[in-house]
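*Asks:* after the sequence you'll find the predicted model.
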Amino acid sequence: MATYNRYAADDIVISTDKSSTSTWSNNTNNLTVAYTASSQATFGSSTASGAFRIDVYNLPTSSTSEEVQYSALYGNRRGSGSLDFTNDTGSFGLNASRDIYSQYRNLVFGTELTDFTFDTVTPDDIFVINVNRSRYKQNLKPGTLNLKLSGSNGEFFLTDDSITKTGSAVITNIGRQFSIVSGSDGVMSGSALGQTTQGSYGLFYPDAGILLFNAAAVSHSVGIGVIRTDHTDGKNNQKFYNSISRSGHFIMDSEEKITSQYYFTRVKNKEFNYTTNSSFIETDGTLSFSSMNDNPITYITTIGLYNDNNELVAVAKMSQPLTKDFTKEALIKVKLDY
């Protein structure tokens, strides 16, 4: 009576597919309405959380089911636009905006000696959208970014250039890098990357959930009104968020690679026709039911996958029992996704 059968090499097939869904909670396609916490709107001090980031929610923070969608940040390599942490001599520029710029510079380049360059321009400051890690699966999906910014100069549509420049992503410490450009659905408007005199609009890191913007180019085109005065709380991250929320248009998908392993389980006519249930066998070794002697019938309900140590590692359940006897064979496909 067979109990274990080893799968042959050609019984196992591996397939890989990609699955995508909206980045935002509840599979919301377009984040048209968002909310912030009132505690972050008034910074209060140079070390308050609002001085570093503005967390953006899908529901009011008074709700019991609100979730952070992304954070809006402002960084300046010289520390302008933020209050200094202390007024001590030598502390000039040691503040939130400088910390934010250094943080993302370290993430991307692995050093604080390299500055962000957008096309051929190296500005002092950046805006950042950092998508909450729980909002996306394996990575953000290139070609699905559609962001509208609204300011005193009007509205501007931004996307990444992954479709325009298919296969030309720059590889960094945090994965692929695409440019953020004027356009839609991954297609750049025009042919010049430097779409403003201040350089290109930004950089997109889909594998890290980061959108990093050239604050000079965005502020100039959109009309955000960035304050770069030293020792001053410019509330620039709040202004950047306002330009996003006023437009009410932020679409972006996430995706994941799903690997499926198929096990073609072959049950031949002479196999698995007798139950292993001990109650069917008498003490003298005969079967409890005489009908099972000449015409045994079993019902396949479960398939167990075992490792080489005969340890059960996975179980597949049949949707309904499958009748098995000496006149029947079965081919059952078991699928494992991971």
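*Replies:* Cool, the structure landed.

*Asks:* where does pLDDT dip in the stretch 1-150 of the chain?
*Replies:* The model of the stretch 1-150 of the chain has pLDDT under 70 over residues 1-2, 41-44, 88-92.

*Asks:* same thing but 90
*Replies:* For the stretch 1-150 of the chain, applying pLDDT under 90 flags the ranges 1-5, 16-19, 38-50, 64, 85-94, 137.

*Asks:* again with the stretch 201-338 of the chain
*Replies:* 230-232, 257-259, 270-299, 310, 336-338.

*Asks:* helices along the stretch 151-300 of the chain, start to end?
*Replies:* 215-218, 236-247, 291-294 (DSSP state H, counting those that start in this stretch).

*Asks:* need those helices in a markdown table with distance to Phe118 and mean neighbour count, can you?
*Replies:* Every C-beta, even on glycine, is put in place using the N, C-alpha and C of the backbone. Formatted as a markdown table, those follow (distance: least, Cβ to Cβ, whole Å; neighbours: other Cβ atoms under 10 Å):
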| stretch | distance to Phe118 | mean neighbour count |
| --- | --- | --- |
| helix 215-218 | 7 | 25 |
| helix 236-247 | 16 | 21 |
| helix 291-294 | 78 | 10 |
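
*Asks:* wait, Lys148 sits on Ile251?
*Replies:* No. Using Cβ atoms under 8 Å, Lys148 makes no contact with Ile251, being 9.2 Å away.

*Asks:* quick one: contacts for Phe178?
*Replies:* Contact analysis of Phe178 by Cβ atoms under 8 Å, 6 or more residues apart in numbering lists 142, 160-162, 165, 169-170, 203-204, 206.

*Asks:* now with 7 Å, please.
*Replies:* 142, 160-162, 169, 204 (Cβ atoms under 7 Å, 6 or more residues apart in numbering).

*Asks:* kindly report the same for Thr159.
*Replies:* Under the criterion of Cβ under 7 Å, 6+ apart, the neighbours of Thr159 are 145-146, 181, 183-187.

*Asks:* run through the bridge partners of it.
*Replies:* Bridge pairing for Thr159 (DSSP bridges) gives the partners Val181.

*Asks:* now Val334
*Replies:* Tyr263.

*Asks:* tell me the contacts of it?
*Replies:* For Val334, the contact set (Cβ under 7 Å, 6+ apart) comprises 263, 265, 303, 316.

*Asks:* one more time with 10 Å, if that's ok
*Replies:* Counting by Cβ atoms under 10 Å, 6 or more residues apart in numbering, Val334 makes contact with 7, 12, 261-265, 303-305, 314-316.

*Asks:* ok, Tyr35 next?
*Replies:* 55-63, 66, 69, 245.

*Asks:* count of residues packed around Gln198?
*Replies:* The criterion is other Cβ atoms under 10 Å. On that basis, Gln198 has 19 neighbouring residues.

*Asks:* how close does it get to His220?
*Replies:* Applying Cβ to Cβ, to the nearest Å, the value for Gln198 to His220 is 5 Å.

*Asks:* that older thread, show the buried residues in the contacts of Thr159.
*Replies:* The neighbour-count test (16 or more other Cβ atoms under 10 Å) marks 145-146, 181, 183-184, 186 as buried among the contacts of Thr159.

*Asks:* just to revisit the earlier point, the contacts of Tyr35 in strands, which ones?
*Replies:* Among the contacts of Tyr35, the members falling in strands (DSSP state E) are 55-57, 69.

*Asks:* re earlier: of the contacts of Val334, grab the buried ones for PyMOL.
*Replies:* Buried residues within the contacts of Val334, as defined by 16+ other Cβ under 10 Å, are selected in PyMOL through the command that follows:
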select buried, resi 263+265
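
*Asks:* and the contacts of Val334 as TSV, adding distance to Phe85?
*Replies:* What follows is the contacts of Val334, written out as TSV (distance: Cβ to Cβ, whole Å):
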residue	distance to Phe85
Tyr7	62
Ile12	59
Gln261	53
Tyr262	58
Tyr263	59
Phe264	64
Thr265	64
Ile303	62
Gly304	60
Leu305	57
Ala314	54
Val315	57
Ala316	58
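
*Asks:* and of the contacts of Val334, the nearest to Gly79?
*Replies:* Nearest to Gly79 among the contacts of Val334: Gln261, at 52.3 Å, using Cβ to Cβ.

*Asks:* can you name the residues bridging to Tyr299?
*Replies:* Applying DSSP bridges to Tyr299 yields these beta-bridge partners: Thr323.

*Asks:* what's it in contact with, if anything?
*Replies:* Applying Cβ under 10 Å, 6+ apart, the residues contacting Tyr299 are 275, 318, 320-324.

*Asks:* next one: it relative to Val267, how far apart?
*Replies:* Distance of Tyr299 to Val267, computed by Cβ to Cβ: 12 Å.

*Asks:* that's all I had, so thanks and see you.
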